[in-house]
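Participant: next come a sequence and a model predicted from it.
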Amino acid sequence: MYKLLLIFKYLRRKLAPLFAALAVTLCTAMVIIVISVMGGFLEMMKGAAKRLTGDVIIRADLTGFPDYKPMIEGLRKLPDVEAATPLLRSFALAKMAERVSPVEVLGIEPAGLEAVTGFRDTLHWSAKDVLDDLQSRMPPMDTLSAAQKARYEAAVKRIGEADFREYAMKLKPPSHWGDLPGAVPGIAVPPGARRDSKGNYSFNNSSVSTKITLTLMPLTRRGDVRGEPEYADFFVVNEFKSGLYDIDANRVYVPLEVLQAKLHMEAHAERDPETDKPTGKTISGRVTEVMIRAKPGADLHAVRESVEKYVQEFLMQRHEFPLIAVETWQERHGTFLGAVEKEKGLLTVLFGIVSIVAVAMIAVIFYMIVLEKTRDIGVLRALGASRAGIMSIFLGYGLAIGIVGAAMGLGLAASIVWNINEIQDKLFEWFGFKMWDPSIYYFDKIPSRLDHTEVTVIAILAVVSSVVGSAIPAFLAGRLDPVEALRYE
Amino acid sequence: MTDSPTPSNAKPQLAARGVHKTYRMGDADLHVLRGVDMSVRAGEWLAVLGASGSGKSTLLHLLGGLDRPEKGDVEFEGQPVFGKPWGELERYRSLRVGFVFQFYHLLPELSALENVLISAMVPSGVFGWGKVKKDARERATALLQRLGLGERFKHRPTRLSGGERQRVAIARALINRPAVLLADEPTGNPDAETGRQIIDVFRELHRGGQTIVMVTHDRTVAAAADRRLVLEAGRVKE
Ligand SMILES: Nc1ncnc2c1ncn2[C@@H]1O[C@H](COP(=O)(O)OP(=O)(O)OP(=O)(O)O)[C@@H](O)[C@H]1O
Ligand SMILES: [Mg+2]
């Protein structure tokens, strides 16, 4: 009992325990923040990677493979497959607003992509965004002339009827724009696209409703460029924002059939090579990829196995032997995700090592406290306290400081992690210092999340280390001889 | 004298049997006690006199079980104090003897009352304390009241005068109802007036049958005791 009383009393003493607790607090907070930001980064990477790939992907080279329609029919019958969608990948020169840049073109079936990866959620502009943007730029209503007012109201009505998400889901603009197919470029593809300091885009600078011209290179079946380039015009019906800057700056979605036709990969009637007469057979169109969404809770590796087996058999029957890879999304982005994962582990270990400083600091502070309390220790021993009793006072003291420090560290880390983007905005406002530049990183916000198990483990480790830090001083205190301790000046 | 004629009269309550104590200081050994024989009977008030540095405190530490003699033995009620199983020495220190130090040695973080109570907490574990807590509190307040500290329970030692601190230290030594009270210069530090007060306290304790061994270098203080012995050259000179 006297131990608890003394621990309590010693805790209420001025600076020394405060410093010790502060050391624990800072180390705990530091490790939790690092692990949370890195973990959030990794999680966002994974989320984005999965959104871009689906759960499992079947992938050939750019010459693609045929008969994807029956293949997808068959895939959908596999037990753990929920949805599958074809994809044609190619590269093009994109001309927008008189500027040309290289892009990756993906021919898609929007409804199918929505079923596999949630395409609709990545579409950035809704009618409301457009109206908000328009309103924010309008002068006050009463300064407008009647004609201007009428024009404005007509515009509001027109936009209100236009649902940009629906246009994108059909990859088709409203008929009054003109008779062209629709395209959805990444939000950072248009040359005018600019992010503000918070990483947000303005509809004002968006390319929606403008024209985009793609120059495409059709490949022969052998994979060579032999013919003339093809040109294709589209109206931009919306823009997507996947969260991965590289993708957002380089990718354009267009309708699958349009891209197939331009790349000479569409379905067509077979002609006899000698007579050039139709033989009555149809040659299937080609795609380069099939994305698959597994049923919720399915083991992706098992799904990949069964998909791979099915695809091999399917192609074998057709005497087609394209080079095909079947991968889960983790495997597809393995090197990249692996690097980030390693980085997270490395940083955590490094900061853990830094935390040993906290242990040493506690040891020193506790040693000072023991020295200062030597006479009191002698008194307690003279009153009949055992060596173990004295030791446990200081171990308990270390435990208490560890608990207080870890709790404060947790609080500090949580408040920083939850407000990290606001903190960074404030830092930018005050000092012009930007720790996270959205145009450098893949994401426009600093990602972060608190993981319960990680946080619990770190907090327990913090408590354990402060007990360890107090162990040597506690042991020395327990070894003090009562008479010697009483004589200590 | 004031001794009651009980059988324990024959056997001493506490005794030192030919104890030697040497302090090693570098290469020079300081042989402080060279075969001290002394004893105190139950209810007796013994004063130990001697020049400064003659080893009075050293002897008292041995009697209180705080230090071991390298030769000889200390006996409490006929039983040796040292060389007993684990925890026995601690029990002896906390329950059989009460120690009043030469320089009070109160714990600065605790109030006067807590300084007294902690002595009762030490021998009763965390769980045992619940049972004895009420009783111990009553005894502590009664003791402090009796020693004239009724108003100062909550004060920290730094806010008490030397005499008051000494009385808190005496209350702490008595809280566990020890058989023997060991006091090292209880009147050494306070002024003459408080010194007299403290002697009055001892006198009252003695009247209540408390065995007391008191170290002092002051012959007038020693005169209040039943018996006196003088330490000189490491031996007892009656
Ligand atoms: N732990 C120790 N180490 C070394 N020398 C010591 C130790 N304790 C006491 N001494 C020495 O032993 C001698 C006796 O000390 P002790 O404290 O017993 O004397 P004392 O009679 O109580 O003196 P005083 O009247 O001044 O209190 C002194 O010379 C002292 O310096
Ligand atoms: Mg002395």
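Facilitator: Received the coordinates, thanks. Numbers count the residues shown, from 1 in each chain, chains lettered A, B, ... in the order given. Ligands and ions are numbered 1, 2, ... in the order given.
Participant: against which helices or strands is the helix or strand harbouring A:Ile72 packed?
Facilitator: For A:Ile72, the host element (DSSP states H and E) is helix A:68-77. Secondary-structure packing of helix A:68-77 (3 or more CB pairs under 8 Å, 6 or more residues apart in numbering or on different chains; DSSP states H and E): strand A:81-96, strand A:289-294, helix A:300-317. No exception for glycine: its C-beta is placed from N, CA and C like everyone else's.
Participant: tell me the pLDDT at the residue of chain A found nearest chain B?
Facilitator: Closest residue of chain A to chain B, CB to the nearest CB: A:Gly384 (2.4 Å). You'll see A:Gly384 listed with a pLDDT of 89.
Participant: what helix or strand does it sit in?
Facilitator: When the helices and strands are read off by DSSP H and E, none of them contains A:Gly384.
Participant: how about the secondary structure of the closest residue to it other than its chain neighbours?
Facilitator: Closest residue to A:Gly384 in three dimensions, ignoring its sequence neighbours and counting by CB to CB, 6 or more residues apart in numbering or on different chains: B:Ser94, at 2.4 Å. Following DSSP: H, G, I helix; E, B strand; the rest coil, B:Ser94 is assigned to helix.
Participant: so B:Ser94 makes contact with B:Ser119?
Facilitator: Yes - taking CB atoms under 8 Å as the definition, B:Ser94 is a contact partner of B:Ser119 at 7.2 Å.
Participant: for those two, list the residues in contact with both.
Facilitator: Common neighbours of B:Ser94 and B:Ser119, counting by CB atoms under 8 Å, 6 or more residues apart in numbering or on different chains, are A:Leu383, B:Asn176.
Participant: just to revisit the earlier point, the residue of chain A closest to chain B against B:Arg93, yeah?
Facilitator: Yes - shown here, A:Gly384 and B:Arg93 form a contact pair, counting by CB under 8 Å, at 4.2 Å.
Participant: what about the helices in the stretch 151-300 of chain A?
Facilitator: A:164-170, A:245-248, A:256-262, A:300-317 (DSSP state H, counting those that start in this stretch).
Participant: which among the ones you listed is found nearest to A:Ala155?
Facilitator: Nearest to A:Ala155, of all the helices of the stretch 151-300 of chain A, is helix A:164-170, at 14.6 Å by CB to CB.
Participant: mind listing residues that contact the closest one?
Facilitator: By CB under 8 Å, 6+ apart, helix A:164-170 touches A:110-111, A:114, A:119-120, A:123, A:125-127, A:130, A:173-174, A:182, A:184, A:208, A:237-238, A:240.
Participant: top helix in chain B by residue count?
Facilitator: helix B:126-146 (DSSP state H).
Participant: so which bits of it are buried?
Facilitator: Going by neighbour count (16 or more other CB atoms under 10 Å in any protein chain shown), the buried part of helix B:126-146 is B:Trp129, B:Ala136, B:Arg139, B:Ala140, B:Thr141, B:Leu143, B:Leu144.
Participant: quick one: neighbours of A:Glu270, just the number.
Facilitator: 11 (other CB atoms under 10 Å in any protein chain shown).
Participant: what's the local residue count around B:Gly55?
Facilitator: So B:Gly55, with other CB under 10 Å, has 25 neighbours.
Participant: how far away is it from B:Val230?
Facilitator: B:Gly55 sits 11 Å away from B:Val230, going by CB to CB, to the nearest Å.
Participant: for B:Gly128, same thing?
Facilitator: Counting by CB to CB - B:Gly128 and B:Val230 are separated by 43 Å.
Participant: about what we covered before: can I get the helices of the stretch 151-300 of chain A in CSV including mean neighbour count?
Facilitator: Listed next are the helices of the stretch 151-300 of chain A as CSV, based on neighbours: other CB atoms under 10 Å in any protein chain shown:
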stretch, mean neighbour count
helix A:164-170, 21
helix A:245-248, 20
helix A:256-262, 22
helix A:300-317, 16
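Participant: now those as a markdown table including mean pLDDT?
Facilitator: Formatted as a markdown table, the helices of the stretch 151-300 of chain A follow (pLDDT from 0 to 100):
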| stretch | mean pLDDT |
| --- | --- |
| helix A:164-170 | 85 |
| helix A:245-248 | 82 |
| helix A:256-262 | 93 |
| helix A:300-317 | 89 |
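Participant: which among those is found nearest to B:Leu110?
Facilitator: Closest among these, using CB to CB: helix A:245-248, at 62.8 Å.
Participant: which stretches in chain B count as helices?
Facilitator: Counting by DSSP H, the helices of chain B are B:56-63, B:88-91, B:112-121, B:126-146, B:162-174, B:192-207, B:219-222.
Participant: mind giving me TSV with these and columns for distance to B:Ala47 and mean pLDDT?
Facilitator: Shown next, in TSV, are the helices of chain B (distance: least, CB to CB, whole Å; pLDDT from 0 to 100):
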stretch	distance to B:Ala47	mean pLDDT
helix B:56-63	10	93
helix B:88-91	26	89
helix B:112-121	24	90
helix B:126-146	23	86
helix B:162-174	16	90
helix B:192-207	10	86
helix B:219-222	4	86
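Participant: dump those helices to CSV, plus distance to A:Ala360.
Facilitator: What follows is those, written out as CSV (distance: least, CB to CB, whole Å):
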stretch, distance to A:Ala360
helix B:56-63, 37
helix B:88-91, 33
helix B:112-121, 32
helix B:126-146, 31
helix B:162-174, 37
helix B:192-207, 47
helix B:219-222, 52
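Participant: adding distance to ligand 1, write those out as TSV.
Facilitator: Putting the helices of chain B into TSV (distance: least, CB to the nearest ligand atom, whole Å) gives the following:
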stretch	distance to ligand 1
helix B:56-63	3
helix B:88-91	18
helix B:112-121	23
helix B:126-146	26
helix B:162-174	15
helix B:192-207	15
helix B:219-222	13
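Participant: including distance to chain A, could the ones you listed go into CSV?
Facilitator: Formatted as CSV, the helices of chain B follow (distance: least, CB to the nearest CB, whole Å):
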stretch, distance to chain A
helix B:56-63, 5
helix B:88-91, 5
helix B:112-121, 4
helix B:126-146, 4
helix B:162-174, 8
helix B:192-207, 19
helix B:219-222, 22
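Participant: show the pLDDT at the residue most central in space within chain B.
Facilitator: Nearest to the mean C-alpha position of chain B, by CA atoms, centre = their mean, lies B:Leu182 at 1.7 Å. We have a pLDDT of 94 for B:Leu182.
Participant: same check on A:Gly160?
Facilitator: Model confidence at A:Gly160 (pLDDT) stands at 67.
Participant: taking chain B, what residue is nearest to chain A?
Facilitator: B:Ser94 (2.4 Å).
Participant: burial of that residue, as a residue count?
Facilitator: Neighbour count for B:Ser94, taken as other CB under 10 Å: 25.
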